[in-house]
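Asker: below: sequence and its predicted model.
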Amino acid sequence: MKIVTIPCLQDNFAYLLICTKTQQAAVVDPSEAAPVISEIERQGVKLTTILNTHHHWDHVDGNQELEAKFPGLIIYGHASDRGRIPGQTEFLKSGDEVRFGEESGTFLHNPGHTTGAVTYVFGKTAFTGDTLFAAGCGRLFEGTPAQMHDSLNVQIGGLADDTELYFGHEYTEANLRFALSVDAGNAEIQQKLEAVSALRSAGEFTTPTTLAEERLTNPFMRCTSAEIHACVKSKEPQHNLVDEEVFRTLRELKNNY
Ligand SMILES: [Zn+2]
């Protein structure tokens, strides 16, 4: 499978996934249609499928224009997003497969950012939408800290270390600055911040990351770290340091950073 990153809107990413055997393609989170159509034409592939990670407009707004241009598209989303994803045809529930061309994958249900958020998984490649960003995570619009902690640390965290994680927004540099503020002694964060700042200065993107890198640099996957515990205690002296509560405090600190 070939993956092409398509920058959209201000800082969104859509991804074109190409089955190299059939030249059929799927697009993850087309927030707008025009850049996706341009990339489809550049690649000379046939779009058959949309994979929506959740219902927010900046992930689905291109669905209807793409469906009008490529009639008969299969449009995946979580079953609980019925009525919220324009044109949705597939309503994912536990155990379902995700298919296009000769590719097949699975999905993880990741409530937290929204109740219907999913991560699509094709082998060692995963598309996390607004659940996991490099060095960060999405805001909790519809879920609890405990749900988001589970989505990140148990579900996405259960994938192999060398899984490549393609995320929904270019927030990496700001996320790493926040990460340093709560995990100040972490040399991996400092190194990654320098590398990412250089990439951004050169006009390049920071997607994908890997699960191994996130375990080292993403504070929301480091709720057991002594440095983060010390930071949390400095903000809330009575803190019980239970993982889900550490997560909640980190998310609140990030909201106000
Ligand atoms: Zn969102």
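Answerer: Nice, I can see it. Because the structure is a prediction, the values reported are computed rather than measured.
Asker: show me which residues of the stretch 51-200 of the chain are close to the ion?
Answerer: Applying CB under 5 Å from the ion, one finds that the stretch 51-200 of the chain approaches the ion through 56, 130. C-beta here means a position set from N, CA and C on the backbone, and glycine is covered the same way.
Asker: tell me where the stretch 51-200 of the chain has helices.
Answerer: Listed in chain order, the helices of the stretch 51-200 of the chain (DSSP state H, counting those that start in this stretch) span 57-60, 63-69, 145-150, 172-182, 187-201.
Asker: tabulate the ones you listed (JSON lines), appending mean neighbour count.
Answerer: Conversion of the helices of the stretch 51-200 of the chain to JSON lines gives the following (neighbours: other CB atoms under 10 Å):
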{"stretch": "helix 57-60", "mean neighbour count": "19"}
{"stretch": "helix 63-69", "mean neighbour count": "17"}
{"stretch": "helix 145-150", "mean neighbour count": "21"}
{"stretch": "helix 172-182", "mean neighbour count": "21"}
{"stretch": "helix 187-201", "mean neighbour count": "15"}
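Asker: for those helices, give me TSV that also has distance to residue 127 and mean pLDDT.
Answerer: Formatted as TSV, the helices of the stretch 51-200 of the chain follow (distance: least, CB to CB, whole Å; pLDDT from 0 to 100):
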stretch	distance to residue 127	mean pLDDT
helix 57-60	11	98
helix 63-69	16	98
helix 145-150	17	98
helix 172-182	16	98
helix 187-201	20	97
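Asker: distance to residue 222 added to those, as TSV?
Answerer: Listed next are the helices of the stretch 51-200 of the chain as TSV, based on distance: least, CB to CB, whole Å:
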stretch	distance to residue 222
helix 57-60	27
helix 63-69	35
helix 145-150	12
helix 172-182	9
helix 187-201	10
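Asker: so for residue 122, which of those sits nearest?
Answerer: Nearest of the helices of the stretch 51-200 of the chain to residue 122, taken as CB to CB: helix 57-60 at 18.2 Å.
Asker: what does that closest one contact?
Answerer: Contact with helix 57-60 is made by 9, 12, 29, 30, 31, 52, 53, 85, 86, 129, 130, 168, as judged by CB atoms under 8 Å, 6 or more residues apart in numbering.
Asker: relative to residue 205, which of those residues is nearest.
Answerer: Distances from residue 205 to these, taken by CB to CB, are shortest for residue 12, at 11.2 Å.
Asker: quick one: residues contacting that closest one.
Answerer: Applying CB under 8 Å, 6+ apart, we find residue 12 in contact with 29, 31, 58, 59, 168, 169.
Asker: where does it land on pLDDT?
Answerer: Looking at residue 12, its pLDDT is 97.
Asker: ok, now residue 93?
Answerer: At residue 93, the model reports a pLDDT of 98.
Asker: got the phi and psi for it?
Answerer: Phi and psi for residue 93, reported as degrees, to the nearest 10, are phi -140, psi 160.
Asker: burial check on it, number of neighbours?
Answerer: Residues lying near residue 93 (other CB atoms under 10 Å) number 10.
Asker: roughly how far apart are it and residue 137?
Answerer: Using CB to CB, to the nearest Å, residue 93 is found at 24 Å from residue 137.
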